[in-house]
Structures are given as C-alpha cells and as structure tokens.
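# my questions are about this predicted structure, shown below with the sequence.
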Amino acid sequence: MATRVDGIKEIMKNIEDELVVCNIGVPSKELYKVKDRAKNFYMIGSMGLVSSIGLGLALNQDNTVVVIDGDGSVLMNMGSLVTIAQNQCPNLIWIVINNGAYGSTGNQDTYAKNLDLRKIAKDVGFENAYKFEDIDFNKALKSKKCMFIEYNLEPGNSKAPVIDLSPEEIRDRFMNEIIN
Amino acid sequence: MNSSETIYKGIKDSGINFIVSVPCANLKELLNLIDADDEITHIPVTREEEGLGICAGAYMAGAKTAILMQNSGLGNCINALGSLFELYSFPLVMIMSHRGTEGESIIGQVPMGKATPKLLDSLDLPYYKPTNHKEAYDAVSKSWNESVESGKVVSILLEIKYWKLEDD
C-alpha cells in the first residue's frame, strides 16, 4: 500500500520552480530525502502552522506555493481552512496527506481517519477542492487557482535521516530563492 | 492625535506593511485606520497562533509584519514564538491591547493580564509599556528595525489607561 513517502515522491515528480513548504516531523525528513532543494522550507517546529506559512508566502510574492500538510496537523489549525478559503490566493496549492495517523509520534489514529477533508474544504468555501487521485496534479500545479487537495494514503514512516541543515540555513537558502 | 492615531502613525513610520489581527474593543479604531490604508495588507485570522504562521511566511516573502491582538491571545502564541520565531530568528512586532490591567471591568481578563509580562520575560522577549503617546510612538516606530536587528519578536503592551489618555 502507498504511504506518505510514495505521495511525496509523486508530488515532487511534478515540481519545477514552485516553492514547497512542508509539515513538521517525518514528512519534512522524507521530503529532504526524496528531493532536497533550496526552494523547500522544512518546518521544524510549530505543528499545525504549515498552511498558514504557505498563505503568508503566497500573499507576498508571485511564485506558486505548494504546502505539504498532514491530517493531524490540519486538525490542530482548522481555522486555517476558513482563512485560506476567504483569501483565495491563485498561487497557493494546499495538499493534505491524510493517512489517518499521527505518523511522527507512532501512528496513533487521528479523527481525520473518518473524515472527508475535501468535503470540509468545499463546505467552508474552497472553489477547488479535490482528491489527489481524481486530478491531473501537473495540470493543477499550472492552473493558477487556489486549491485544496486531499491525498489519502496509508500510515507508515520510511527510513529518512535527520535534516542536516540548521534552521538558519533552511531559512536563508529558501529566502534567497524568492524573487519579489 | 488620539491613542489609536498615535499607534497608526508609529506603524506607518516603522515600515510595517503586513498585519494580521484578532480584534479587541480597544483596537477597534486602529483596525479601521489599517483597513482604510491601501499600503497595508490586513488579514484577519481565526486564532493568534495562525496569524504568527502567516507572518512567518509573509516575512520570508519580503513583508514587514505585525500582529494586532488582545494579550489573551499571547497565550495562544507561545509555541509559535518558541518553535517558529525563535528557532528561525524571524522578526515580528506584536501590538497588544493589554487587558486585565488598572481599570479593567471584566474579571476574566485579570489572570492573563498579570501573566502577560511574565510570559514574555520567560521567552526572553523584549516589550514596551508606554504610558504616554510619545513613548508609544517611539516604541512602535522603531519596533520593526529593532526586531530585525535583534532577531527577536518585539512587543508593545498598551494597557487600559493608555487608551484613555487625552488627545495631543
């Protein structure tokens, strides 16, 4: 069965110049292993805030921002669904990997296991809310539309090393890639 | 100028151009001034911690950022102040209506009113408690540069009596 790391590989196959902001914990480590690049921002703390960071980026520069979030983290910052729906930034693509588990802490079940996050996003005002398997992700990336994408996968962590970069290095090389 | 106009002038002169907010009755006029200003992007948020995340992203994309909130919201920001702002040394200005201070009529505001300076002390974050308009203008107008230079979040605590000062 496909797990988070397979999803991250699938996402990154399609990424070219876009900025990528990634959720705390194993997701960031897996992204680092799959495809490290200066245009990746690895969130090392502040669980729940990755979509908010993505919104702040999308509002202040033109490049497309791809947020890789997780279901447990979304549950921690549900208000972000409302704020982002109300500020539909055409350069923001918010992907929530829903594996129904708090992966980094031992795969405890989340309540999102039983939720249709796409439907919730639709209900709070996202005009474009999809399941990953129902869309051509490469086209979605180029669509210039604010988008919420739920990516249903199975729980499980791959063997990914600790990110060998200081927070300052992550910040500085990322900021150097941003053209205003 | 009145108390709200003083803070607004300080914000303008600081260069701050991106503001997130959760309202307080004492911030009502200031929020109206900011909404009427085309040079400032204002994003109301559902919870203060969310606002800090947005400010972190906005800063990386070149914005000069502040949050306007009641001090009760500081309690919702603690983890983000540590594990996002301190971790990455992101600058930010927090302009807080400091409730639960002298003259407070709502008992529920008192516990967080007392805890607010101690919470900032415990995070080793600088803050100002201006008692007149000049002190308030000076603190706010210098706040963004101070935050960038120090790599620390700078707070301005505006107590109940500040909002009752006579106009200049």
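Good, I have the coordinates.
# around chain B, pick out the residues from chain A.
A:21, A:41, A:43-61, A:77, A:79-80, A:82-83, A:87, A:167-168, A:170-171, A:174-175, A:178, A:180 (Cβ under 8 Å from any Cβ of the partner chain). The way it works is simple: take the backbone N, C-alpha and C, and place the C-beta from them, glycine included.
# SS state for B:Leu158?
strand (DSSP: H, G, I helix; E, B strand; the rest coil).
# where does the prediction get shaky in chain A?
In the predicted model of chain A, residues A:180 satisfy pLDDT under 70.
# pull the contacting residues for the residue most central in space within chain B.
The centroid of chain B falls nearest to B:Ile95 when counting by Cα atoms, centre = their mean (1.3 Å). By Cβ atoms under 8 Å, 6 or more residues apart in numbering or on different chains, the contact set of B:Ile95 is B:7, B:11, B:66-69, B:140, B:155-156, B:158.
# does it belong to a helix, a strand or coil?
strand.
# per-residue pLDDT, it?
B:Ile95 carries a pLDDT score of 98 in this model.
# who's it bridged to?
Judged by DSSP bridges, the bridge partners of B:Ile95 are B:Leu68, B:Ile156.
# ok, it to B:Ile7 distance?
7 Å (Cβ to Cβ, to the nearest Å).
# same thing with B:Ala63?
Taking Cβ to Cβ, one finds B:Ala63 at 19 Å from B:Ile7.
# quick check: residues of chain B near chain A?
Residues of chain B lying near chain A (Cβ under 8 Å from any Cβ): B:18, B:41, B:43-47, B:49-63, B:65, B:79-80, B:82-84, B:87-90.
# how far does stretch B:2-18 sit from the chain's center?
11 Å (Cα atoms, centre = their mean, to the nearest Å).
# same question for stretch B:95-110.
For stretch B:95-110, the distance to the chain centre is 15 Å (Cα atoms, centre = their mean).
# now it: buried residues?
Buried residues in stretch B:95-110, counted by 16 or more other Cβ atoms under 10 Å in any protein chain shown: B:95-101, B:109.
# one more: stretch B:58-76?
B:58-61, B:63-74, B:76.
# end-to-end on that stretch?
Distance across stretch B:58-76, first residue to last, is 20 Å (Cα to Cα, to the nearest Å).
# for chain B, which spans come out with low pLDDT?
Using pLDDT under 70, nothing in chain B is flagged.
# what's the longest helix in it?
Using DSSP state H to assign secondary structure, the helix with the most residues in chain B is helix B:133-150.
# any idea how far the residue lying closest to A:Met1 once chain neighbours are set aside lies from A:Met47?
Counting by Cβ to Cβ, 6 or more residues apart in numbering or on different chains, A:Met1 lies nearest to A:Glu154, which is 4.1 Å off, once chain neighbours are set aside. The gap separating A:Glu154 from A:Met47 is 21 Å, by Cβ to Cβ.
# same check, this time on A:Leu31
For A:Leu31, the distance to A:Met47 - Cβ to Cβ - is 16 Å.
# so which of the buried residues of stretch B:58-76 belong to helices?
Those of those lying in helices (DSSP H): B:58-60.
# quick one: which of these is nearest to B:Asp37?
B:Ala58 (16.3 Å; Cβ to Cβ).
# now do the contacts for the closest residue to the closest one other than its chain neighbours.
On the basis of Cβ to Cβ, 6+ apart, the spatially nearest residue to B:Ala58 that is not a chain neighbour turns out to be A:Gly56, at 3.7 Å. By Cβ under 8 Å, 6+ apart, the contact set of A:Gly56 is B:18, B:53-61, B:63, B:65.
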